[in-house]
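J.: structure for this input, please:
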Amino acid sequence: MSVNHYFSIAPESLCVLDTDDWTIISCNDSFEKCVGPSKLTLGLKFVDDIIAPSYKESVKYSLQMADGKIIQNVDTLLIDNKYPIYRKVDWCFVKDPTSSRVFGSGRLMGVKEGTNFACEEEFRNFFDKAPIALHWLSRTGQILWANEMELNILGYTPEEFIGQNIKKFSQDKEEQILELLEHLASGNTIRDVPVRFMAKDGKIRHLLVDSNGNFSEDGTFKHTRCFIRDDFGRKIREARLEAEREAAIENIKAKDEFMRKVFHEIRSPIHVILQSLQLQETASNKDRKELLNCASEQTRHIVDIMMDLESATLFDQGKVPVVSSYEFSLFDTCKKLIDSFNHERSNINEVKLKLDYEEGTPWKVKGDGKLISRVLRHLLANALKFTDKGEVKLSIHYSSQQSNFIFEVTDTGNGVDLEFVNQIFQKYWNSGNGNGLKQVDGLGLGLNVSFNIVQTLGGCLQVSPNTPTGTCFSFALPLDTSETLEEICSLINTNTVSLASLVNDNEKTSSKTSAFNCVFGWVASLKKRQQPLQDTQWRSVFDCPQATQHISDISNSTTSSKNPTPVGSGISHLKSHILVVDDNTICQKVAMQSLRLLGCTGDVASNGKEACDKLQRNPLIYNAVLMDLRMPIMDGIAATKYIREVLNLCLPIIGFSGEYGDDTKLLCNNVGMNGFVAKPAKREELKNILEDLNLLR
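T.: Below is the predicted model of the structure:
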């Protein structure tokens, strides 16, 4: 029988130790059964990690002598996959004559009579199945034992974790680890100490440690008793609160600067009004008229500012104007706007203002002329403000294929920063910082109000460079151009007296064409009477027809059932926080409302670049991204590529767009999206995909 074979099958617990630091190099089957599996024990320091502190000096002396003398009843740590425990073991050590190693032989002594094994097993089960992570560390940081919860949190098997040094998994500095161990070995207790461990999946787990030491009767340190709690939920909550705090501070600063500009814009015309009134007493009749006209003009300017400020605030609060529908002359509306600006401008010779109403484009349309006129006035005023020489042109044409009227306002100015303009579209107070636009009077409110009005009307205001210079603002609206027979008959039936009077007044008209024009002119006059006379009314964005273009059943429910809040602070109890990325403010609001109804929280970004910036600053706080595909600055496809390839984030990204089809879904899948929802979507569809991605908790 060979020596190696005897070593393996010997009934005694045998091990081979390195004389430098008494590291366990090898062991036989009996040692594995008695002390612990080789996967857990090999690499441990025999004296520091296996022998109880009160016996360390005597065992170390015996190892140095290695003369075969027996040391009786040594408290020895027995390690298995369940729970470590000290037992009495007799040891003797001899030198290996062929090397500098030492052989150790141990024999487990009998257990004292009366030992309650059932109670011991109950305690083992209690600690191993505990709902909080637990582990023991030796003074050198060797992991002597860990329960199931800790192994589950980190994802390791007992063989991969137990027996290793804690420094292998900790992401904190070695000096900090040793300092904590020394602190515990000195009899101190630590509470809520944040630590970072590398899990098996490569992710860093943020944990909190409560620990103290286990000491022998003579006060010698044995090992630590560490209680581990998942701290990731707290980290995320803190990160979310910090992000909200920073955003609130930025908004407060921006709005504070914006309000300073508002005060300036109001103070200047008030000063002109006061001066005009004061000069009335000494001015001639001719001058008085000019002064009154000047005061009147400045008063209208103040009223316009107040109207825009009120509208922008209401839009920001989730309100939209109620859209009326009546017949009006689109051509006349545009012509009056051009004439009005030409009458008011002083630089009429330097900047030409033109109207290009394409031939064949219907003049009479059905829609809200008041809101359309307001948008065009703002866009023309903005273009004139940024154009010193050249021309500003309002172009209108009808697309029969799309059944849309296309509106374009182009200029030959120096152009604007497109990213900055898109920011103003979303947040009117961003104009306060003055970046991207040349220094001119104005608040930027007109662009924000126009952007939101166009969305309410069913379009989308876009800005692009006007080749070779200048800027182009454009939008398309689905305006009705035809009158149905039913509408005409209804008007005739309810206005027979007026019609009879009209016919009597035209009895002498023999021309069929004249009669036809006469009747339809009368119909138009009746419709004109139906135009709203009062100021614009407002309603919740969730009640407007455009909301259903994004979430079809958003108005079906306005409250969500509140489930009891789970007790505890784990990550599983946090609501999913989802980043909604869309340049449409109505979509942002209805998507956020839908997520709230599904028990989630969220944040918004108006384009892909803004989304990437938010994820780069705070990668921990978002659980998923709801990504539109077509956006200015950076679209959803480019943003997803950046998130995956540059930021290296693996959070779920869900495509959310009016474009759908196999090609679109394939494109989304190829760039790394985890799902796709087509607009308009039902909340049930959104709920299903969030459930599939385990985002509803």
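J.: where does the stretch 251-400 of the chain dip in pLDDT?
T.: By pLDDT under 70, the low-scoring segments of the stretch 251-400 of the chain are 346-347.
J.: got any ranges where this structure has weak pLDDT?
T.: Ranges of the chain meeting pLDDT under 70: 1-3, 80-82, 110-120, 346-347, 428-442, 466-468, 482-536, 552-573, 697.
J.: which helix in it has the most residues?
T.: helix 232-278 (DSSP state H).
J.: which SSE is immediately downstream of the strand or helix carrying C587?
T.: Using DSSP states H and E, the element containing C587 is helix 585-597. Per DSSP H and E, helix 585-597 leads on to strand 601-605 as the next helix or strand towards the C-terminus.
J.: quick check: angle from that next one to helix 232-278?
T.: Comparing the axes of strand 601-605 and helix 232-278 via axes from the mean of the first three to the mean of the last three C-alpha atoms, to 10 degrees yields an angle of 50 degrees.
J.: remind me what the helix holding C587 packs against, helices and strands.
T.: helix 445-456, strand 577-581, strand 601-605, helix 683-692 (3 or more C-beta pairs under 8 Å, 6 or more residues apart in numbering; DSSP states H and E). Glycine gets a C-beta too; all of them are placed from N, C-alpha and C.
J.: with just CA atoms, put that helix into CSV.
T.: Taking C-alpha atoms only, helix 585-597 is exported to CSV below (Å, rounded to 0.1, in the frame of the first residue of the first chain):
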residue,chain,number,x,y,z
THR,A,585,-45.7,66.9,-23.8
ILE,A,586,-49.2,65.4,-24.0
CYS,A,587,-47.7,61.9,-24.4
GLN,A,588,-45.4,62.6,-21.4
LYS,A,589,-48.3,63.5,-19.2
VAL,A,590,-50.6,60.7,-20.2
ALA,A,591,-47.8,58.1,-20.0
MET,A,592,-46.9,59.3,-16.6
GLN,A,593,-50.5,59.1,-15.5
SER,A,594,-50.8,55.5,-16.8
LEU,A,595,-47.6,54.5,-15.0
ARG,A,596,-49.0,56.0,-11.8
LEU,A,597,-52.2,54.0,-12.2
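J.: which residues in the stretch 351-500 of the chain form helices?
T.: 369-385, 418-426, 445-456, 485-494, 496-505 (DSSP state H, counting those that start in this stretch).
J.: so what touches the first one?
T.: Which is helix 369-385. 321, 323-324, 326, 328, 330, 333-334, 337-338, 341, 345, 351, 353, 392, 394, 407, 409-411, 413, 440-442, 446-447, 449-450, 453-454, 456-457, 461, 471, 473, 475, 477, 531-532, 536 (C-beta atoms under 8 Å, 6 or more residues apart in numbering).
J.: can you select the buried ones among those residues for me in ChimeraX?
T.: The buried residues among those can be selected in ChimeraX (16 or more other C-beta atoms under 10 Å) with this line:
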select :321,323,326,328,330,333,334,337,338,341,351,353,392,394,407,409,410,411,413,442,446,447,449,450,453,454,456,457,461,471,473,475,477,536
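J.: between the helices and strands packed on helix 585-597, which one is closest to Q546.
T.: Closest to Q546 of these is helix 445-456 (C-beta to C-beta; 6.2 Å).
J.: helix 585-597 and the closest one, what's the angle between them?
T.: Going by the same axes, to 10 degrees, helix 445-456 makes 70 degrees with helix 585-597.
J.: what's the distance between the closest residue to L314 other than its chain neighbours and T313?
T.: Among residues not flanking L314 along the chain, W538 sits closest, at 5.5 Å (C-beta to C-beta, 6 or more residues apart in numbering). W538 sits at a distance of 11 Å from T313 (criterion: C-beta to C-beta, to the nearest Å).
J.: who has more neighbours, the two?
T.: W538 (15 against 12; other C-beta atoms under 10 Å).
J.: one step back: does anything pack onto whichever helix or strand comes after the longest helix of the chain? Which helices or strands?
T.: Proceeding N to C from helix 232-278, the next assigned helix or strand is helix 285-316, under DSSP H and E. In terms of contacts (3+ C-beta pairs under 8 Å, 6+ apart), helix 285-316 is packed against helix 232-278, helix 445-456.
J.: from K319, how far off is Q549?
T.: 18 Å.
J.: whoops, I50 was the one
T.: 73 Å.
J.: go on, P269?
T.: 27 Å.
J.: please apply the same query to H397.
T.: In terms of C-beta to C-beta, H397 sits 32 Å off from K319.
J.: pick out whichever of these two has more residues nearby.
T.: Between H397 and K319, counting by other C-beta under 10 Å, K319 is the more crowded of the two (20 against 15).
J.: the more buried one against S540, yeah?
T.: Yes. Look at K319 against S540 with C-beta atoms under 8 Å: they come within range, at 6.5 Å.
J.: next step: the contacts of helix 369-385 restricted to strands.
T.: Of these, the ones assigned to strands by DSSP state E are 321, 326, 328, 351, 353, 392, 394, 407, 409-411, 471, 473, 475, 477.
J.: which among those gets closest to P11?
T.: F475 (90.5 Å).
J.: S54 looks like it's in a helix, true?
T.: Yes. S54 sits within a helix when classified using DSSP: H, G, I helix; E, B strand; the rest coil.
J.: neighbours around it, how many?
T.: 16.
J.: okay but it is in contact with V74, surely?
T.: No. Counting by C-beta under 8 Å, S54 sits too far from V74 to count as a contact (9.5 Å).
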